[in-house]
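**Q** sequence unknown, structure follows:
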């Protein structure tokens, strides 16, 4: 989603001077053998001309296409010059390349695929097997020529190839007929059709009348045409932005009204801004289509700063209408969210307190301006001196960078600037990326976001386990022990015990005692696991004098260390 706006010159298919292209890529290429650096640019330019002549005169490819292929294949040209292996002499270098090509024909598909915008490192993966010349498979080149004749920038055709490769198996007549049909049936210009096809390549293969009905209403009936400069890259960018809403779940055939009424969204805001806002609201865990409808119905949100502003959590609650009693209740249940945080972390602050649905409903039900006009009431609002003192000590320590990354992780899952956050930070082990991976593992297991945050508050040590180990313990808890995931919310310490040497043997032994009728009391999982080995042996001895012997001989797993 976060694709950058296309460069105008590139997207229009206007070739830049070879020395500009050459200098941009020079650092990533090996040095040309036996050619002085001052001659490298000229050598590549002469190689380019030689390849153009080779394709045009020897292979009978029309000059325009031959020139497009050679001009946009810098890496392949570089390899050609490297393989030539002769010193550069201004008087005969061009002729040397011509002679070389006469006896060493190039892989035409390699040059072609690079020229249409596919990175050279990917070209080898898509080269047709045992084919080197266009006459062995003319469809690919002919399809590219048909698209180019209509106005598609040659060096952008790789976008179509990578997304819908079957386009390049179509005949020239089929492609031209399709493109002209889009123009005539919907009243679009060539540039508009090209922008639509780049954003929705499937339209060149299958009928999509609902999509074109939406686009016609937006472009023509709602006069978006008058707001857009008539260049391919502008239309492509507009269509990419529209596609964002389809990808979020908006149905084709129903989007035009909302898009038409808010067409300035697609003109005034970049795709990057749109992607940032989509990502922000999707983190509330709501349906993607609800995020799409929110942005279409409340386009002012796109101008809000949802990244850098600082928030006071309690102040924000008051700003959105919570009473003092309600705020106090939330603060007592979820104390780790209190204090300051960044606006960028707001979705996870709300998820950490299980308030994400309430907050999102507030925004989409006409209160979105509250999000835009929120500000700290004063510079000292929610300022926590204990947090600040601890922060200063971190900044002066030799592990500052590592610790600050872990603190960023905690803020990112909703923990605020408070003393409790620093207490948890002191017991967290692992890098920030490892902690995030473990947190995501619990989400994948089905544990609610807010409950994981509460578990971390109760016993941060379990976050030191590997994701694989945690997943195995969760599976054993639910599938073998018959407990629910909610049990972890009350007893996260379960995750700190060794599965093979503590959890499985003790649980299975208690199950054996129960099945044999020796134990009539229903011990909790916490009671079974948390006692020391000495206390455990004492308890099972009270259950039956012979129980310790059975435990030691049949259930106890020998371990290499005393870890629990």
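**A** Sure thing, it's come through. Note that this is a predicted model, so its numbers are computed, not measured.

**Q** what helix or strand is the residue of the chain most remote from its centre on?
**A** In the chain, the residue that sits farthest from the middle, by C-alpha atoms, centre = their mean, is residue 545; the gap is 59.8 Å. Following DSSP states H and E, there is no helix or strand that holds residue 545.

**Q** which residues does it contact?
**A** Taking C-beta atoms under 8 Å, 6 or more residues apart in numbering, we find residue 545 in contact with no residue. The way it works is simple: take the backbone N, C-alpha and C, and place the C-beta from them, glycine included.

**Q** same thing with the one 3 residues further on?
**A** The neighbourhood of residue 548, defined by C-beta under 8 Å, 6+ apart, consists of 537, 540, 541.

**Q** between those residues, which has the most around it?
**A** residue 540 (21 neighbours; other C-beta atoms under 10 Å).

**Q** can you give me the helices for the stretch 1-150 of the chain?
**A** 8-11, 18-25, 37-53, 63-71, 74-84, 93-103, 108-115, 120-126, 138-150 (DSSP state H, counting those that start in this stretch).

**Q** can you redo the ones you listed as CSV with mean pLDDT and mean neighbour count?
**A** Below are the helices of the stretch 1-150 of the chain laid out as CSV (pLDDT from 0 to 100; neighbours: other C-beta atoms under 10 Å):
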stretch, mean pLDDT, mean neighbour count
helix 8-11, 32, 16
helix 18-25, 38, 15
helix 37-53, 84, 19
helix 63-71, 95, 21
helix 74-84, 85, 20
helix 93-103, 86, 16
helix 108-115, 95, 23
helix 120-126, 91, 13
helix 138-150, 95, 19
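
**Q** okay if I get those as JSON lines plus distance to residue 232?
**A** Shown next, in JSON lines, are the helices of the stretch 1-150 of the chain (distance: least, C-beta to C-beta, whole Å):
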{"stretch": "helix 8-11", "distance to residue 232": "6"}
{"stretch": "helix 18-25", "distance to residue 232": "20"}
{"stretch": "helix 37-53", "distance to residue 232": "24"}
{"stretch": "helix 63-71", "distance to residue 232": "16"}
{"stretch": "helix 74-84", "distance to residue 232": "22"}
{"stretch": "helix 93-103", "distance to residue 232": "33"}
{"stretch": "helix 108-115", "distance to residue 232": "18"}
{"stretch": "helix 120-126", "distance to residue 232": "23"}
{"stretch": "helix 138-150", "distance to residue 232": "11"}
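
**Q** nearest to residue 352, out of those?
**A** helix 120-126 (41.2 Å; C-beta to C-beta).

**Q** my guess is residue 163 meets residue 203, correct?
**A** No - counting by C-beta atoms under 8 Å, residue 163 does not reach residue 203; the two are 11.5 Å apart.

**Q** joint contacts of these two?
**A** By C-beta under 8 Å, 6+ apart, no residue touches both residue 163 and residue 203.

**Q** neighbour count winner among those two?
**A** Shown here are residue 163 and residue 203; by other C-beta under 10 Å, residue 203 has more neighbours (20 against 13).

**Q** for residue 194, see how far away that one is.
**A** Computed as C-beta to C-beta, to the nearest Å, the residue 203 to residue 194 distance reads 11 Å.

**Q** for the helix or strand where residue 408 lies, give me every contacting residue.
**A** Using DSSP H and E, the element containing residue 408 is helix 400-412. Applying C-beta under 8 Å, 6+ apart, the contact partners of helix 400-412 are 341-342, 345, 348, 391, 394-395, 397, 417, 421, 424-425, 428, 430-432, 435-436, 439.
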